[in-house]
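> What would the 3D arrangement of this be:
(chains A and B)
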Amino acid sequence: MKFWRVPLDTEEIVITRGVVHIIEDRCKGCGYCIDYCPRGVLEASRRFNNRGYHPPEVKQPDLCVNCHYCEAVCPDFAIFSVEAPAQPTSELPSK
Amino acid sequence: MNGSTSPKHPLDSLLRTDRIPHIWCPGCGIGTVFSSSLIAISSTGTDPMKTAVVSGIGCSGRGAGYVKLDSYHTTHGRAIPFATGMKLANPELTVVVFSGDGDLFAIGGNHFIHAARRNMDLTVICVNNLNYGMTGGQAAATTPHRAKTSTTPMGNPEGPFNLPLLAYACGATYIARWTMLHTRDLTQSITEALTHTGFSFIEVLAPCPTGFGRKNKLKNSDLLRIYQEKAIVKNGANPAETILDLEQGITLGKFVEFDRPTFADNYRAVNCD
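From the prediction side, this is the model:
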């Protein structure tokens, strides 16, 4: 993340991180998680699940901030994220 | 990083996982609304043994079949009467009606207006997909003017209901409208509605890519983009001024919240004093 000026509390802010889990065989390939992930973590995979849809796959695992939006927007209960150890702000990779 | 490491979804404890994947089409928004409802039910801390979900007929009506709580899949349009009976027989229950616009406002319209008039202590979540999805995308009481459906191929000559205004006029005491994209606000609203005493009504706009989308040349993500771009969040707006027009805008927000005696209160006051 690039700051145009460094906020005074940068050192104290801890940004959460998450690990995305995908239950591939529940996915129906609507793509909402890919379209609406605020950090662009996901992309459509080329392989098929057992129902013939393309499930998403994690493209950039380091960008996930565990916001749970993919989990909330998924109509098929096929994706969720769990919290991973946090990292300081300065180390957050840019999008 | 896939399902093999941790395949258990956080909502699996509230789902009949043997029936998942559900029948809703790819891109259908009902699943998201359903998921928000489950998150809200689990976050209010109400006893799952004392929570019941009632559904009518239609795509959204399948909701009752997927939830691992006491649930009731009722006859067409009659979700609210069944829920009313359940609530009056066992006032300790938290009763959630999860159904669609066709079920609640077309065939079940009268039940809705009378339950709202009586201020029955129910939470009604109406998934509005702007058409009759399950039967093949026919024009419903909520289909926007000029929208194309399988029964109105030249465009719908009728105007739709303004559901928040209808609910307000009938006497509902909590009214909100969100789209399935506003999952956080929606979950918050459902949580408030569950704890609110009185008739709570939440309209949720969900895309129907198979029925409504196909006839109007809107793909999966097109309707969602409309919902995102046209959304006007106006909490506390006068229900008479809320609009739902895919071109002009869609007013969202929590419109009404007030308290008045419920049916059970009034019944007790009249008969037990």
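
> Nearest residue to B:Thr151 in space, please, no chain neighbours.
Leaving aside its chain neighbours, B:Thr151 sits nearest to B:Gln138 (4.4 Å; criterion: CB to CB, 6 or more residues apart in numbering or on different chains). Just so you know, the C-beta spots here come from the backbone N, C-alpha and C atoms, and that holds for glycine as well.

> So which residues lie in contact with stretch A:31-46, not counting its own?
Here stretch A:31-46 makes contact (CB atoms under 8 Å, 6 or more residues apart in numbering or on different chains) with A:20, A:29, A:54-61, A:63-65, A:67, A:69-70, A:73-75, A:79, A:95, B:27, B:32, B:181, B:220-221, B:224.

> average pLDDT for it?
Averaged across stretch A:31-46, pLDDT comes to 94.

> now the strands for chain A?
A:14-22, A:42-44, A:56-58, A:79-88 (DSSP state E).

> List the strands paired with the last one, with their directions.
Taking DSSP bridges as the criterion, strand A:79-88 forms sheet pairs with strand A:14-22 (antiparallel).

> The second one too?
If you go by DSSP bridges, strand A:42-44 pairs up with strand A:56-58 (antiparallel).

> buried sites along the partner strand?
Within strand A:56-58, the residues scored as buried using 16 or more other CB atoms under 10 Å in any protein chain shown are A:56-58.

> which of the contacts of stretch A:31-46 count as buried?
The neighbour-count test (16+ other CB under 10 Å) marks A:20, A:29, A:54-58, A:63-65, A:67, A:69-70, A:73-75, A:79, B:27, B:32, B:181, B:220-221, B:224 as buried among those.

> Now B:Thr75: closest residue in space, sequence neighbours ignored.
B:Ile57 (7.0 Å).

> That neighbour: neighbouring residues, count only.
By other CB atoms under 10 Å in any protein chain shown, 22 other residues sit near B:Ile57.

> Could you double-check that it sits in contact with B:Gly77?
Yes - counting by CB atoms under 8 Å, B:Gly77 is a contact partner of B:Ile57 at 7.4 Å.

> hey, what's in contact with both of those two?
Taking CB under 8 Å, 6+ apart as the contact rule, B:Ile57 and B:Gly77 both touch B:Asp103.

> in chain A, what residue is nearest chain B?
As assessed by CB to the nearest CB, chain B sits closest to A:Pro75 within chain A, at 2.7 Å.

> Distance of the residue nearest to that residue when sequence neighbours are not counted relative to A:Arg26?
Leaving out its chain neighbours, the residue that sits closest to A:Pro75 by CB to CB, 6+ apart is B:Gly31, at 2.7 Å. With distances taken as CB to CB, to the nearest Å, B:Gly31 is found 10 Å from A:Arg26.

> Now the common contact residues for those two.
Going by CB under 8 Å, 6+ apart, residues that sit against B:Gly31 and also against A:Arg26 are A:76-77.

> Now, the buried ones among the contacts of stretch A:31-46 that are in helices?
A:69-70, A:73, B:32, B:220-221, B:224 (DSSP state H).

> Give the residue spans of chain A that score low on pLDDT.
For chain A, applying pLDDT under 70 flags the ranges A:1, A:87-95.

> Go again with 50.
Along chain A, segments meeting pLDDT under 50 are nowhere present.

> Helices along chain B, start to end?
Using DSSP H, helices in chain B cover B:30-44, B:63-66, B:79-89, B:101, B:109-118, B:163-170, B:183-195, B:214-215, B:220-230, B:263-272.
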